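# Just to be clear, the model below is a prediction. Sequence and coordinates:
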Amino acid sequence: MKRLLAVLVAAALAVSGCGFTGIYDLPLPGGADLGDHPYRVKAQFHDVLDLVPQSGVKVNEVTVGRVDRIDLTPDGWNAEVTLLVNGGVELPANAFAKLRQSSLLGEKYVELSPPPGGQASGRLADGAVIPLDRTNRNTEVEEVLGALSMLLNGGGVEQLRSITHELNAATEGRETDIRSLLDNVNTMVTTLDAGKADITRALDGVNRLATTLDGQKDRLVGAIDGIEPGLRVLAEQRGQLVTMLQSLDSLSGVAVDTVHKSQADLVADLQALTPTLRKLGEAGENLPKSLELLLTFPFTDAAVRGVRGDYFNLYAKIDLNLQSVLDNLSRTRQNPVQDVPIIGQATNGTSGVPANAPPPLRLPVITTPPPLITGGAAGDSSGLGGLLGPLLGGGV
């Protein structure tokens with residue numbers, strides 16, 4: 001008995017010597033199995049509510065650790081929860097920490113989970129910190145009941161009644177229009193949802209444009225500063241520009257009036273050009289070929305083959321037979337004696353012939369003229385026969 005009392009006294013003295021200040025410094029019993037090599041993780045929360053040490057740490061509703069301690073963050077505005085996790089549990093480095101409740105009035109625990117969307121990377125290691133942007137908590141039942149109490153105790157019921165009454169007054173008799181409006185809104189939302197990819201691309205294009213403009217803002221500022229003198233000149237010449245525009249307006253009125261008045265003549269001129277244009281169209285490719293010969297007349301492209309070095313062979317056949325020339329002239333469609341005066345008609349138009357006299361006779365058209373030149377006697381060189389005899393086939 002004395003030995004037991006001595007041991008208790010020694011233990012009390014040892015505890016008092018280690019700085020024992022109260023029961024709150026004693027570790028709480030219980031908690032999850034951490035294995036041989038647990039690792040420590042810190043999670044920062046805006047509010048941990050009534051979370052206490054030794055609360056569970058779960059992954060997929062399986063307890064894998066416990067809460068070791070709860071402190072304040074270095075800035076003193078948020079809570080920092082130290083978690084001990086079983087060393088065999090592997091979590092990504094960007095894991096999320098959420099404060100959950102086992103039931104409506106159950107205990108709190110911390111749930112660790114991978115990031116949503118399959119964006120896991122790395123591995124959660126000892127000493128890792130889960131920041132505030134990857135932690136959150138559920139809404140408390142007390143908070144829901146408090147908000148409901150404020151609503152029911154004169155907070156918003158009367159306002160709801162007024163809002164409902166005004167909505168009924170605004171929509172009464174307009175049910176068809178409202179239904180049509182809702183259908184149009186539904187169609188618009190459906191169209192926007194179908195074209196959200198195009199809208200996203202358009203926004204991305206606007207973003208790229210804004211980035212490009214931001215990168216070239218110095219040039220834009222320089223261009224705006226450079227255009228200022230031109231704008232000043234335009235402002236100074238504003239009166240002259242207005243006068244010019246007014247003159248152009250008057251000129252346009254005159255031009256329109258002129259076109260209207262000359263419309264018939266213009267159409268007639270175009271119709272008169274129709275036969276010429278038609279003949280040009282019928283000429284086809286013959287016209288270009290004839291124009292090719294215009295600059296090289298009387299030589300055609302085939303004459304190139306007659307060139308032999310530095311000389312050109314030219315063969316010409318010229319018919320100087322006067323009889324043939326006269327025969328060719330007699331075949332013309334023009335009357336060669338059309339300018340010969342009519343018998344019985346004065347040349348000055350005052351012949352004295354009665355107005356009712358029959359028309360005078362005209363000379364017949366000579367189709368085959370008689371020989372105009374005959375050969376003279378031999379040795380007679382004074383007449384035309386001696387000069388043109390050989391040309392007409394006669395003797396000398």
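Nice, thanks for sending it over.
# what about the nearest residue to L91 once chain neighbours are set aside, which SS state?
Leaving out its chain neighbours, the residue that sits closest to L91 by C-beta to C-beta, 6 or more residues apart in numbering is L124, at 4.1 Å. C-beta coordinates here come from the backbone N, C-alpha and C atoms, glycine included. Using DSSP: H, G, I helix; E, B strand; the rest coil, the structure places L124 in coil.
# phi, psi of L124?
Note on L124: its backbone torsions stand at phi -70, psi 120 [degrees, to the nearest 10].
# For it, give me its contacts.
Taking C-beta atoms under 8 Å, 6 or more residues apart in numbering, we find L124 in contact with Y39, V41, V85, E90, L91, P92, A93, A95, L112.
# which SS state does L320 fall under?
coil.
# Before we move on, what's the pLDDT of it?
What the model reports as pLDDT for L320 is 78.
# Walk me through the domains of the chain.
26-143, 317-336+366-375+383-396 (automatic domain parsing).
# dump the residue contacts of the closest residue to N60 other than its chain neighbours.
Closest residue to N60 apart from its sequence neighbours, by C-beta to C-beta, 6+ apart: S113 at 7.8 Å. The neighbourhood of S113, defined by C-beta under 8 Å, 6+ apart, consists of V59, N60, A95, F96, K98.
# Who wins on neighbours among these?
A95 (20 neighbours; other C-beta atoms under 10 Å).
# Strands along the stretch 1-150 of the chain, start to end?
Per DSSP state E, counting those that start in this stretch, the stretch 1-150 of the chain carries strands over the ranges 39-45, 56-59, 62-72, 79-85, 96-101, 108-113, 128-130, 135-137.
# do you know which of those lies nearest L320?
Ranking the strands of the stretch 1-150 of the chain by proximity to L320 (C-beta to C-beta) places strand 96-101 first, at 120.6 Å.
# contact partners of that closest one?
Taking C-beta under 8 Å, 6+ apart as the rule, strand 96-101 contacts 43, 45, 48-49, 51, 58, 81, 83, 107-115, 130, 134-138.
# partners of that strand, with directions?
Partners of strand 96-101 in the sheet, by DSSP bridges, are strand 108-113 (antiparallel), strand 135-137 (parallel).
# Now the contacts of L124 in TSV, please, with extra columns for pLDDT and distance to K317.
Listed next are the contacts of L124 as TSV, based on pLDDT from 0 to 100; distance: C-beta to C-beta, whole Å:
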residue	pLDDT	distance to K317
Y39	92	122
V41	93	121
V85	92	123
E90	89	115
L91	90	115
P92	91	110
A93	90	110
A95	92	114
L112	92	118
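# P74 and K42, how far apart?
With distances taken as C-beta to C-beta, to the nearest Å, P74 is found 11 Å from K42.
# Since that was my last question, I'll sign off now.
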